[in-house]
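Novice: just need the structure, nothing else, for what follows:
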Amino acid sequence: MFKKILLTLTVAIPFFGLAFLLTGSPPRTHYDNLPWDVEVHADGTSSVFGIHLEQTPLSELRERFMVFPSLALFQSRKDGQSLEAYFGPVKLGPFEANFLAVLAADEQTLAGFAERAVHGKATPSGARRLELSENDTRAALALPVVEITYVPRARYDEDSVLARFGEPARRLPMDDGRRYWLYPEQGLVLMFNRRGRDVLHYVAPARFDEAQGRILAGEGLDRMLP
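Specialist: Sure, this is the predicted structure:
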């Protein structure tokens, strides 16, 4: 029996070695939905991570990540109201990151959510966090995602960012050590944070001036994280 195995290997190994030489090495793994793969659409919106900003509803993200997000309405005097869904660590392509989506809702809808909220508490950022009612939570799943905050586990150095994202249109150093790189054509703000984790924030390019205005007004992108 052992002699038969040796004979089989003696024949098979040269055969597979020849096949390897003829076909070359196996293809490298291809990943989609990488942080620098931003597709800009003619209407001024964009897609990233397979999410079409201002069109993809939150329900699609729940199905994709196979987890229900932590969903809440945040209120502050400075920043107004924001409906946010936090998914915690998720894996997109080869990378793991914290992931937060801001949802589109008009003032009347947000006011109704706030009125029917079942619980509220203050956050370290000074905003008030309101838990939605069960019915409003279901309604929020149908709302489209308008902004994404992506916080990778890995740190980003300048050389790797330049290689993947290119030269930013503007660099904004802040007094607290944070540095913002602005990519208005892609609707992307990248924040280097020496005291914490780096942050990538995506909006539709047509709404980039609004995001830039919030930064210039002193709102940190990491404020949006729980």
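Novice: next secondary structure after the one helix or strand in the chain whose mean pLDDT sits lowest?
Specialist: Confidence across the helices and strands of the chain bottoms out at helix 2-23, with a mean of 39, counting by mean pLDDT, DSSP states H and E. Sequence-wise, the next helix or strand downstream of helix 2-23 (DSSP states H and E) is strand 39-40.
Novice: who touches stretch 118-136?
Specialist: By CB atoms under 8 Å, 6 or more residues apart in numbering, the residues outside stretch 118-136 that reach it are 71-76, 78-79, 112-114, 116-117, 140, 223, 226. Heads up, the C-betas are built off the backbone N, CA and C, glycines and all.
Novice: mind checking which of those residues are buried?
Specialist: Among those, those that count as buried by neighbour count (16 or more other CB atoms under 10 Å) are 71-75, 79, 113-114, 117, 140, 223.
Novice: quick one: least confident of these?
Specialist: Looking at the buried ones among the contacts of stretch 118-136, model confidence by pLDDT dips furthest at R223: 53.
Novice: quick check: the gap between the residue nearest in space to the middle of the chain and E131.
Specialist: Here the mean C-alpha position of the chain is nearest to the C-alpha of Y150 (CA atoms, centre = their mean), at a distance of 3.3 Å. Spatial separation of Y150 from E131 under the definition CB to CB, to the nearest Å is 24 Å.
Novice: can you check A206 too?
Specialist: When A206 is compared with E131 (using CB to CB), they lie 32 Å apart.
Novice: show me what counts as buried in the longest strand seen in the chain.
Specialist: With residue count as the measure and DSSP state E as the assignment, the chain has strand 80-92 as its longest strand. Under the neighbour-count criterion of 16+ other CB under 10 Å, strand 80-92 has 81-87, 90, 92 buried.
Novice: packing partners of it?
Specialist: Packing contacts for strand 80-92, counted by 3 or more CB pairs under 8 Å, 6 or more residues apart in numbering; DSSP states H and E, involve helix 58-65, strand 70-76, strand 95-103, helix 107-115.
Novice: against V146, how distant is D106?
Specialist: Relative to V146, D106 is positioned 12 Å away (CB to CB).
Novice: more neighbours: which of the two?
Specialist: Each of D106 and V146 has its neighbours counted (other CB atoms under 10 Å); V146 has more, 21 against 8.
Novice: the nearest residue to the residue nearest to the centre of the chain once chain neighbours are set aside: how many residues sit nearby?
Specialist: Using CB to CB, 6 or more residues apart in numbering and skipping the chain neighbours, the partner closest in space to Y150 is L200 (4.4 Å). Under the neighbour criterion other CB under 10 Å, L200 is assigned a count of 23.
Novice: so what are the sheet partners of the helix or strand hosting L200 and their directions?
Specialist: L200 is part of strand 199-203 when elements are defined by DSSP H and E. As defined by DSSP bridges, the strand partners of strand 199-203 come to strand 145-152 (antiparallel), strand 188-192 (antiparallel).
Novice: any idea which of these is most buried?
Specialist: A comparison of those by mean neighbour count, using mean count of other CB atoms under 10 Å, puts strand 188-192 on top with a mean of 23.
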